[in-house]
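Q: predicted model follows, preceded by the sequence.
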Amino acid sequence: MFEPVPRPASPLAVRCTRVLLSPWSRLSLLVLVLATAAALVLLYEPQRLLSGGFPAQLGGAAAVMLFGVAYGACTAAFVPRPLLNLAAGALFGSQAGLVSAIAGTVIGAGISFTLGRLLGQDALRPLVKGRWLKAADTQLSTHGFRSMLAIRLFPGVPFAAANYCAAVSRMGYVPFLLATGLGSIPNTAAYVVAGSRAGSPTSPVFLIAMGFIVVTGLGAAAVAWRKRHRLPSS
């Protein structure tokens with residue numbers, strides 16, 4: 001008994017598949033996803049829902065976990081992390097707020113990294129030219145954990161920009177997420193503590209937290225100013 005011979009795929013179907021799976025098609029999809037997320041943030045302002053309209057029936061660990069997941073989705077959609085950190089402190093206090101905020105930070109970074117790696121890396125890597133881009137790519141690709149840890153410890157590089165730059169580089173998932181989680185703790189803790197003590201802005205704890213935020217911001221600016229002279233010329 002003869003087995004049926006499979007028919008070859010249509011040339012048109014093959015071409016369409018190649019076009020849909022091409023690097024630039026995937027990059028276009030990434031741009032569409034990010035644009036849609038940004039538009040939804042502008043329309044619905046989810047940061048206000050998280051800080052002022054959190055479900056009253058939820059409490060304890062469930063509320064902390066749900067906030068962390070929502071935090072991650074919001075950061076992937078470009079909601080500023082300082083606002084979410086302040087909200088975490090105001091809703092849950094210093095300890096639980098910090099746990100929720102760090103978990104959300106790692107979740108949001110993981111979402112962005114995955115989107116950038118799957119949809120944008122193949123199209124964007126050939127465009128990594130110029131001394132700034134080449135230096136950043138080399139640093140992230142060869143010293144991923146150390147570089148990302150420094151970026152997270154010293155605020156200055158936008159959260160989303162760091163995520164997508166790491167995704168386009170050859171940095172691995174584990175070093176990226178581990179460095180993000182560890183490096184985000186100090187600055188995130190300062191915002192969470194400030195949010196938990198926002199009702200008493202003259203308290204020493206609130207003033208110390210705000211002072212830490214200002215000092216680390218100025219330190220990051222100073223480091224960036226010095227490092228720019230060490231970049232290789234194009």
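A: Perfect, I can see it now. Numbers count the residues shown, from 1 in each chain.
Q: starting at the chain centroid, how far to the helix ranked longest in the chain?
A: Ranked by residue count under DSSP state H, the longest helix found in the chain is helix 81-115. Here the centre of helix 81-115 is set off from its chain's centre by 11 Å, with C-alpha atoms, centre = their mean, to the nearest Å.
Q: next: stretch 66-73.
A: With C-alpha atoms, centre = their mean as the basis, stretch 66-73 stands 13 Å off its chain's centre.
Q: take it, keep the C-alpha atoms, and write them as PDB.
A: C-alpha atoms of stretch 66-73 as PDB (Å, rounded to 0.1, in the frame of the first residue of the first chain):
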ATOM      1  CA  LEU A  66      -1.300  41.200  43.100                       C
ATOM      2  CA  PHE A  67       0.300  44.600  43.400                       C
ATOM      3  CA  GLY A  68       3.700  43.200  42.400                       C
ATOM      4  CA  VAL A  69       2.200  41.600  39.200                       C
ATOM      5  CA  ALA A  70       0.300  44.900  38.400                       C
ATOM      6  CA  TYR A  71       3.500  46.800  39.100                       C
ATOM      7  CA  GLY A  72       5.500  44.700  36.600                       C
ATOM      8  CA  ALA A  73       2.900  45.200  33.900                       C
END
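Q: buried residues in it?
A: 67-68, 70-73 (16 or more other C-beta atoms under 10 Å). Where you see a C-beta, it was placed from the backbone N, CA and C, and this is true even at glycine.
Q: any stretches of this structure with poor pLDDT?
A: Within the chain, the ranges that satisfy pLDDT under 70 run 1-22, 47-59, 125-133, 223-224, 226-234.
Q: now do the helices in it.
A: 11-20, 23-44, 46-52, 60-76, 81-115, 121-124, 131-142, 144-153, 159-168, 173-183, 185-196, 204-227.
Q: mind putting the buried residues of stretch 66-73 into a markdown table with distance to S28?
A: Output for the buried residues of stretch 66-73, formatted as a markdown table (distance: C-beta to C-beta, whole Å):
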| residue | distance to S28 |
| --- | --- |
| F67 | 33 |
| G68 | 31 |
| A70 | 28 |
| Y71 | 28 |
| G72 | 24 |
| A73 | 22 |
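Q: tell me which of the residues you listed is nearest to H143?
A: Distance to H143 across the buried residues of stretch 66-73 (C-beta to C-beta) is lowest for G72, with 25.9 Å.
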